[in-house]
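Quick check, what structure comes out for this input:
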Amino acid sequence: MPISIRAIPALSDNYIWLLQDQKTGLVAVIDPGEAAPVEAALNAANLKLSLILLTHHHADHTGGALALAHHYNAHIAGPASEQHRLPPLDTALHDGQSITLGQSTAQVIAVPGHTAGHIAYYFDAPHALFCGDTLFSLGCGRLFEGTPAQMFASLHRFDTLPDDTLVCCAHEYTQSNAAFASQIDPTNTALQARAQEVAALRATGKPTLPSTLGLERATNPFLRAPDVETFAKIRAQKDQF
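Okay, the predicted model is just below:
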């Protein structure tokens, strides 16, 4: 497995994703909302940070980036269209570009909706999608800067990715999302099973992530919405849930 992946809990319900290229030992983090948990994880494993990847400009995803960059002399990369609202970027990324971590490569996918310039990162070994606040397990991000049509299209940018793709999103929202999804799709047996699994994991303090795209395709009402109009209706209902 060319990259190893682990989640670092941060703030109230965020996950900062820590990646290590297994061939070179180089380390990256994705969306460090605060620096201290990253530093603790790196120190515990005797690792040094090389790369910081940002998906969008919200402070709970960027708050620790500058301190980490200064402490480790790490490189910061993020969406070019949001660079005026991000810590100073060493690499400004556009849709369709790629960025490397050692011998591992991530494809950059533009996914506007939650914010106007949101991007996701897809690694193919293992198949892993770091989607920030675009796709959640059993949910999707709020539309702070985009339209339902934009978010619907962004979620379907992932349609070509394989079912075994790990969904590494940035928040532990799965249990509350399961409650809402179960109201939208009450006869979905795969969703019922996932809700039970999620409840058991959270009862013991375990994370519900990563999920997989195959599981989300079977259970997530936002991915299962057949058209933009249905998606917009479900998103509006979730906003009031």
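
what ranges do the strands span in this protein?
Assigned by DSSP state E, the strands in the chain fall at 3-10, 14-21, 27-30, 49-53, 75-79, 91-93, 98-101, 104-110, 119-124, 127-132, 135-136, 139-140, 166-169, 211-212.

ok, the fourth one: who's next to it in the sheet?
To tie it back to what came earlier, the one meant is strand 49-53. According to DSSP bridges, strand 49-53 forms sheet pairs with strand 27-30 (parallel), strand 75-79 (parallel).

tell me the most buried of those?
Ranked by mean neighbour count, the strands paired with strand 49-53 are led by strand 27-30 with a mean of 25 (mean count of other C-beta atoms under 10 Å). (Each C-beta comes from the backbone N, C-alpha and C, glycine too.)

what is the mean pLDDT for that strand?
Taken as a whole, strand 27-30 has a mean pLDDT of 98.

got the contact list for that strand?
Outside strand 27-30, the residues that touch it by C-beta atoms under 8 Å, 6 or more residues apart in numbering are 8, 16-21, 38, 42, 47-55, 68, 101, 121, 130, 168, 170.

Next, the distance between the ends of stretch 113-125.
End-to-end distance for stretch 113-125, by C-alpha to C-alpha, to the nearest Å: 27 Å.

That stretch: which residues count as buried?
Gly113, His114, Thr115, Ala116, Gly117, His118, Ile119, Ala120, Tyr121, Tyr122, Phe123 (16 or more other C-beta atoms under 10 Å).

what do you get for stretch 147-161?
Buried residues in stretch 147-161, counted by 16+ other C-beta under 10 Å: Pro148, Gln150, Met151, Phe152, Ala153, Ser154, Leu155, Arg157, Phe158, Leu161.

and the last one, what does it touch?
For Leu161, the contacting residues are Tyr122, His127, Leu129, Leu213, by C-beta under 8 Å, 6+ apart.

Narrow those residues to those that are buried.
Among those, those buried by neighbour count (16+ other C-beta under 10 Å) are Tyr122, Leu129, Leu213.

Apart from its chain neighbours, what residue comes closest to the last one?
Which is Leu213. In this structure, Leu213 finds its nearest non-sequential neighbour in Thr165, 4.3 Å apart by C-beta to C-beta, 6 or more residues apart in numbering.

Need the phi and psi values for that neighbour.
As for Thr165, its main-chain torsions (degrees, to the nearest 10) stand at phi -60, psi 130.
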